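Student: With the input below, show me the fold.
(chains A and B)
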Amino acid sequence: MYRQVNQHYREHYDLLISSGLYQHLCDAGLLIPHQEIGLDYAQTGEAYRVLQPDVIPFVSYPYEWCFSQLKDAALATLAIQKRALRSGMILKDASAYNIQFLNGKPVLIDSLSFEKYEEGRPWIAYRQFCQHFLAPLALMAYRDVRLSQLLRVHLDGVPLDLVSQLLPRRSYVNLGLALHIHVHARGQRAFKNTNASGTTRRQMSRQALTNLVDNLTSTVQGLAWQPAGGDWNWTDYYQGDSYTQAGFEHKQALVRQYLAQAEPKTVWDLGANTGVFSRIACEQGAFTVACDVDPGAVEMNYRRMVERGESNLHPLLIDLTNPSPALGWANRERDSLQDRGQPDMLLALALVHHLAITNNVPLPHIAAEFARLGQWLIIEFVPKSDKKVQQLLAAREDIFPHYTREGFEAAFAACFDILDTQSITDSERLLYLMKAKTDA
Amino acid sequence: MFKRTVQAGGWIVLLALLMIIVPTGYAHAYLDPGSGSLIVQIIIGGILALLVAVKMYWNRIIGFVTGRNVPDELEASQAENKPDSLSGDDDK
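Tutor: Numbering: from 1, shown residues only, chains lettered A, B, ... in the order given. Down below sits the predicted model:
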């Protein structure tokens, strides 16, 4: 992937390098490094330089992030902005799409977002920061964590008039939210027909701008969200009454064994919860994307990742029955989940009963989609006799005559070669290692 | 001191007007909200400057009353954010 720096941007690019800002941010792990390559790669005659940025192994979008991922991305943006001002530069965009996670940390991927700071001019990206970062974080902290999905609909961040209405009255007590959301929203409305050309000169001192960035930083830092249920919910989830200790250890050993057999470089763990099995894949050297529909699970997974400094794990908030679609102009600005890579292996542990029974997805459809996504598959079949499936069927009619071991194996054999099957100790669950058929 | 008080008063009036007079709700803007945000930012910048000044004076009063040396936040903030390109004193 290449980026062309045009002549009209020359002055800004040169300052980015000469001021040392580029080097400082790259060393701090806040900016994606790039190589300057020959002008032969230029697309048009106005090229000044052609850059080749380092590759991001997996692209993710803000509506796929848990609360803390969005918060860390916001704080990274503000840290970059603050450091840029010291070098006489400023960010002209504060879009959440300019941040990606690399080695578990948020980095700015748009090196051309910097421009020379002109003393006195207000920050052009302030509105974008408030809509992309502060608004959804405030909604998640003060109302409901699921409101981050508003970012899927509003690709330039949540409109401030909407956020202002949705936030509860107690948000007015928070000075930062009162100013940057409520006053900001009203101000946008009050001045919407005002010609602002006069304001872009000598109206906001460097100190005022720094105060603004500092205040935004402390406001973001003050926003917090705790997943419900406390610690019990997460540690007990894996075993609980599904496995005995021996059974759980057996399952982990089997997954380890199958991973060693397939040696995948990238793994997508579907229904990863807090990432216990994702981490087994990471241990074996695979870059693992850990997808789960529960914001609390993804949050706990991410927090653990940050605590331990893990670098080849990517927790992600995904509803497999309704994964991220392609969005934006011509549905081509943001890729659908399926278009974002071909993992070598999928993990579908303790998952298939949720898809087939709770969500009525026929087993052949599940098999076909898994074969499309990845090459290898480690999948766990949870039979009807299992306590968890009994729970799922308790509240509804059993319309699943084909949800049996035979039905499961037949559905998957159509798209996969079943290489191995093991029964998990003290359980009726079965673990399978499969490889997608290449003539599908 | 008087000039500062008048300035402070001005910001408070503007803020009050904004909060009371302008309703929230769907903004129906024909143009995108770009220009509004720049103006609002300047207003908010002014309010924050006022609050920083108040805090600074409050620290000085406390310091005077208790006899302790309280660090001057404004000077600390300026020192921290001094642009690399400038040498000598920042005259803000």
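Student: For chain B, give me the ranges with low pLDDT.
Tutor: Residues of chain B meeting the criterion pLDDT under 70: B:1-14, B:17-18, B:20-33, B:68-92.
Student: For it, give the helix that spans the most residues.
Tutor: The residue-count maximum for a helix in chain B (DSSP state H) belongs to helix B:34-66.
Student: tell me which residues in that one are buried?
Tutor: B:35-52, B:56 (16 or more other CB atoms under 10 Å in any protein chain shown). Glycine gets a C-beta too; all of them are placed from N, C-alpha and C.
Student: same for that helix, what does it pack against?
Tutor: helix A:126-129, helix A:184-190, helix A:206-222, helix B:2-21, helix B:73-80 (3 or more CB pairs under 8 Å, 6 or more residues apart in numbering or on different chains; DSSP states H and E).
Student: show me what contacts the nearest residue to residue A:211 once chain neighbours are set aside?
Tutor: Excluding its sequence neighbours, the residue lying closest to residue A:211 (CB to CB, 6 or more residues apart in numbering or on different chains) is residue B:48, at 4.6 Å. Neighbouring residues of residue B:48 by CB atoms under 8 Å, 6 or more residues apart in numbering or on different chains: A:179, A:208, A:211-212, A:215.
Student: Please repeat the previous calculation with a cut-off of 10 Å.
Tutor: A:175-176, A:179, A:207-208, A:210-212, A:214-215, B:11 (CB atoms under 10 Å, 6 or more residues apart in numbering or on different chains).
Student: Give me the buried subset of those.
Tutor: A:176, A:179, A:207-208, A:210-212, A:214-215, B:11.
Student: nearest to residue A:48, of those residues?
Tutor: When the buried ones among the contacts of residue B:48 are compared for distance to residue A:48 (CB to CB), residue A:210 comes out closest, at 30.7 Å.
Student: Residue A:82 is in contact with the closest one, correct?
Tutor: Yes - between residue A:210 and residue A:82 there is a contact under CB atoms under 10 Å: 7.1 Å.
Student: In JSON lines: the buried ones among the contacts of residue B:48, plus distance to residue A:263.
Tutor: Listed next are the buried ones among the contacts of residue B:48 as JSON lines, based on distance: CB to CB, whole Å:
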{"residue": "A:176", "distance to residue A:263": "49"}
{"residue": "A:179", "distance to residue A:263": "53"}
{"residue": "A:207", "distance to residue A:263": "56"}
{"residue": "A:208", "distance to residue A:263": "56"}
{"residue": "A:210", "distance to residue A:263": "51"}
{"residue": "A:211", "distance to residue A:263": "53"}
{"residue": "A:212", "distance to residue A:263": "51"}
{"residue": "A:214", "distance to residue A:263": "49"}
{"residue": "A:215", "distance to residue A:263": "50"}
{"residue": "B:11", "distance to residue A:263": "64"}
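Student: Low-confidence bits of chain A, can you list those?
Tutor: Short version for chain A, where the test is pLDDT under 70: A:195-202, A:229-240, A:440.
Student: Now do the strands for it: every range, in order, please.
Tutor: Secondary structure of chain A (DSSP state E): strands at A:3-6, A:34-37, A:47-53, A:89-91, A:99-102, A:105-108, A:114-116, A:266-270, A:287-292, A:313-317, A:345-348, A:376-381, A:416-423, A:430-436.
Student: possible to save the ones you listed as JSON lines with distance to residue B:19 and mean neighbour count?
Tutor: Shown next, in JSON lines, are those (distance: least, CB to CB, whole Å; neighbours: other CB atoms under 10 Å in any protein chain shown):
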{"stretch": "strand A:3-6", "distance to residue B:19": "44", "mean neighbour count": "17"}
{"stretch": "strand A:34-37", "distance to residue B:19": "46", "mean neighbour count": "13"}
{"stretch": "strand A:47-53", "distance to residue B:19": "44", "mean neighbour count": "17"}
{"stretch": "strand A:89-91", "distance to residue B:19": "29", "mean neighbour count": "22"}
{"stretch": "strand A:99-102", "distance to residue B:19": "32", "mean neighbour count": "22"}
{"stretch": "strand A:105-108", "distance to residue B:19": "34", "mean neighbour count": "22"}
{"stretch": "strand A:114-116", "distance to residue B:19": "33", "mean neighbour count": "20"}
{"stretch": "strand A:266-270", "distance to residue B:19": "48", "mean neighbour count": "28"}
{"stretch": "strand A:287-292", "distance to residue B:19": "41", "mean neighbour count": "26"}
{"stretch": "strand A:313-317", "distance to residue B:19": "35", "mean neighbour count": "27"}
{"stretch": "strand A:345-348", "distance to residue B:19": "52", "mean neighbour count": "26"}
{"stretch": "strand A:376-381", "distance to residue B:19": "56", "mean neighbour count": "24"}
{"stretch": "strand A:416-423", "distance to residue B:19": "62", "mean neighbour count": "15"}
{"stretch": "strand A:430-436", "distance to residue B:19": "60", "mean neighbour count": "21"}
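Student: Chain B: which of those strands is closest?
Tutor: Evaluated with CB to the nearest CB, those place strand A:89-91 nearest to chain B, the distance being 10.0 Å.
Student: Pull the number of nearby residues for residue 19.
Tutor: Answering for chain A, as no chain was given. 20 (other CB atoms under 10 Å in any protein chain shown).
Student: wrong one, chain B
Tutor: 14.
Student: Contacts only, for it.
Tutor: Residue B:19 neighbours (CB under 10 Å, 6+ apart): A:172, A:178, A:182-183, A:186.
Student: Also within reach of chain B: list those from those residues.
Tutor: Contacts with chain B within the contacts of residue B:19, counted by CB under 10 Å from any CB of the partner chain: A:172, A:178, A:182-183, A:186.
Student: Separate out the buried members of those residues.
Tutor: Taking 16+ other CB under 10 Å as the criterion, what is buried in these is A:178, A:182-183, A:186.
Student: Tell me the one of those residues nearest chain B?
Tutor: Distances from chain B to those, taken by CB to the nearest CB, are shortest for residue A:186, at 4.1 Å.
Student: So that closest one sits against residue B:37, correct?
Tutor: No - with contacts counted by CB under 10 Å, residue A:186 stays clear of residue B:37, the gap being 11.6 Å.
Student: Give the residues shared as contacts by those two.
Tutor: residue A:160.
Student: Which positions within stretch A:316-326 qualify as buried?
Tutor: Result for stretch A:316-326 [16+ other CB under 10 Å]: buried residues A:316-318, A:320, A:324.
Student: So which of the residues you listed reach chain B?
Tutor: Applying CB under 10 Å from any CB to those, none is adjacent to chain B.
Student: which residues are in contact with stretch A:325-337?
Tutor: Residues contacting stretch A:325-337 (CB under 10 Å, 6+ apart): A:59-64, A:97, A:152-153, A:155, A:268, A:289, A:291, A:316, A:318, A:320, A:323-324, A:338-341, A:373.
Student: Please name the residues that touch residue A:24.
Tutor: A:30-31, A:83-84, A:86-87, B:84.
Student: any idea how far it is from residue A:31?
Tutor: For residue A:24, the distance to residue A:31 (CB to CB, to the nearest Å) stands at 9 Å.
Student: And residue A:186, by the same measure?
Tutor: In terms of CB to CB, residue A:186 sits 35 Å off from residue A:31.
Student: How about the closest residue to chain B within the stretch 1-150 of chain A: what's its closest non-neighbour residue?
Tutor: Per CB to the nearest CB, residue A:127 is where the stretch 1-150 of chain A lies closest to chain B, at 3.6 Å. Excluding its sequence neighbours, the residue lying closest to residue A:127 (CB to CB, 6+ apart) is residue B:37, at 3.6 Å.
Student: The one you found touches residue A:160, doesn't it?
Tutor: Yes - between residue B:37 and residue A:160 there is a contact under CB under 10 Å: 8.6 Å.
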